[in-house]
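# Show me the folded form of this:
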Amino acid sequence: MKSLYLLVDFFTIIIPLLFSFHPKIRFYKTWKEFFTAAISVSVIFIIWDSIFTHLGVWNFNSRYITRIYFFELPIEEILFFICIPFSCVFTYYCLNKFYNLSWNPKTENIFCLILSFSLLITGLIFHDKLYTSVTFISTAFVCLILKYGFKINWFGKAISVYAILLIPFFIVNGILTGTGLEEPVVSYNKSEIMNIYLFTVPFEDIFYGFELFVLNLFIYLQLLRMKESKRRISLENRIELSVKSE
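I've put the predicted structure just below:
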């Protein structure tokens with residue numbers, strides 16, 4: 001079934017896309033910020049993905065793809081870097097809008113440090129396994145830079161949302177890694193991973209997905225903050241001009 005991967009992309013995004021127009025959600029009003037973020041981050045992941053494909057860290061089964069390629073990657077894989085972040089950021093947007101997801105700052109700091117240093121140490125221990133080392137070390141640095149460099153206050157919220165997203169994550173990644181199929185859509189070189197699996201999903205994929213999510217979320221929220229700041233300044237200027245004209 002050559003359209004399988006394409007269908008996975010489609011069903012990943014279609015429900016969040018439709019609900020973006022719900023009057024209580026209106027996520028579509030932030031599409032400009034989201035797609036700017038997604039395209040920016042996708043460049044990094046496409047380069048990463050293309051290099052790893054070239055090095056044989058993973059490969060794509062031609063049985064399940066349309067065989068349209070860009071940078072040695074099937075078009076379905078390119079779309080993956082838009083569809084998955086869209087669903088993830090949409091979920092964050094909705095849950096943050098309707099629920100209080102805030103963590104205690106001290107708990108958030110401790111969790112971030114433990115997670116980051118655990119990933120860093122594991123990545124160094126498995127330095128001979130390319131996917132493991134690059135994913136764990138890069139995710140560790142992304143967490144530390146965002147939390148302590150940019151001083152984000154939503155790290156705990158992102159963790160809570162991602163914990164919920166792990167349910168559809170295992171469904172989507174499960175299909176791509178072979179659950180219920182004769183052969184996987186994406187195959188991994190066993191010498192480049194720890195060979196620890198959750199169902200059919202390599203353990204590394206969890207953190208690869210988290211890194212993709214938080215980088216998209218970071219740029220998206222930064223752009224929204226800039227948009228709100230410009231709107232506020234514009235409103236203040238109009239008020240000031242109105243007062244002067246009186």
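
# residues contacting the residue most central in space within the chain?
The C-alpha lying nearest the average C-alpha coordinate of the chain belongs to Phe213 (CA atoms, centre = their mean; 2.2 Å). Neighbour list for Phe213: 85, 88-89, 158, 162, 165 [criterion: CB atoms under 8 Å, 6 or more residues apart in numbering]. C-beta: built from backbone N, CA, C; applies to glycine.

# The longest helix along the chain: how far from the chain's middle?
For the chain, the longest helix by residue count, based on DSSP state H, is helix 204-245. Centroid separation for helix 204-245 versus its chain: 18 Å, with CA atoms, centre = their mean, to the nearest Å.

# and it, average pLDDT?
For helix 204-245, mean pLDDT is 85.

# show me where pLDDT drops low in this structure?
Confidence mapping of the chain against pLDDT under 70 gives the ranges 234-246.

# And the helices in it?
Under the criterion DSSP H, the chain contains helices at 4-19, 31-55, 75-98, 105-125, 130-144, 155-176, 204-245.

# what does the fifth one contact?
Residues lying outside helix 130-144 but in contact with it, judged by CB under 8 Å, 6+ apart, are 48, 52, 55, 57-58, 112, 115-117, 119-120, 122-124, 126-127, 155, 188-189, 192-194, 202, 204, 207-208, 210-211, 214-215.

# Need the buried ones from those selected in ChimeraX.
A single ChimeraX command selects the buried members of the contacts of helix 130-144 (16 or more other CB atoms under 10 Å):
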select :48,52,57,58,112,115,116,119,120,122,123,126,155,188,192,193,194,202,204,207,208,210,211,214,215
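
# circling back to that earlier point, I'd like the helices of the chain as a markdown table, with distance to Arg63 appended.
As requested, these are exported to a markdown table (distance: least, CB to CB, whole Å):
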| stretch | distance to Arg63 |
| --- | --- |
| helix 4-19 | 8 |
| helix 31-55 | 17 |
| helix 75-98 | 13 |
| helix 105-125 | 33 |
| helix 130-144 | 23 |
| helix 155-176 | 13 |
| helix 204-245 | 21 |
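
# between those, which one is nearest to Glu182?
When those are compared by CB to CB, helix 4-19 sits nearest Glu182, at 11.3 Å.

# just checking, what packs against that closest one?
Identification of packing neighbours for helix 4-19 by 3 or more CB pairs under 8 Å, 6 or more residues apart in numbering; DSSP states H and E yields helix 75-98, helix 155-176.

# in that helix, what counts as buried?
By 16+ other CB under 10 Å, the buried positions in helix 4-19 come out as 4-6, 8-9, 12-13, 16-17.

# Could you do stretch 67-82 as well?
Under 16+ other CB under 10 Å, the buried positions of stretch 67-82 are 73-82.

# same thing with stretch 170-183?
Under the neighbour-count criterion of 16+ other CB under 10 Å, stretch 170-183 has 170, 172-178, 181 buried.

# Just the endpoints, please. Distance across it?
Terminal residues of stretch 170-183 are spaced 17 Å apart (CA to CA, to the nearest Å).

# what's it in contact with?
Here stretch 170-183 makes contact (CB under 8 Å, 6+ apart) with 4-5, 8, 12, 61, 63-64, 84, 184-186, 188, 198-202, 205, 209.

# and with 10 Å instead?
1, 4-5, 7-9, 11-12, 60-61, 63-64, 76-77, 80, 83-84, 87, 165-166, 184-188, 197-202, 205-206, 208-209 (CB atoms under 10 Å, 6 or more residues apart in numbering).

# what sits against the nearest residue to Tyr188 once chain neighbours are set aside?
Once flanking residues are discounted, Tyr188 sits nearest to Trp58: 5.0 Å by CB to CB, 6 or more residues apart in numbering. Trp58 makes contacts with 49, 52, 77, 131, 184, 186-189, 192-193, 202, as judged by CB under 10 Å, 6+ apart.
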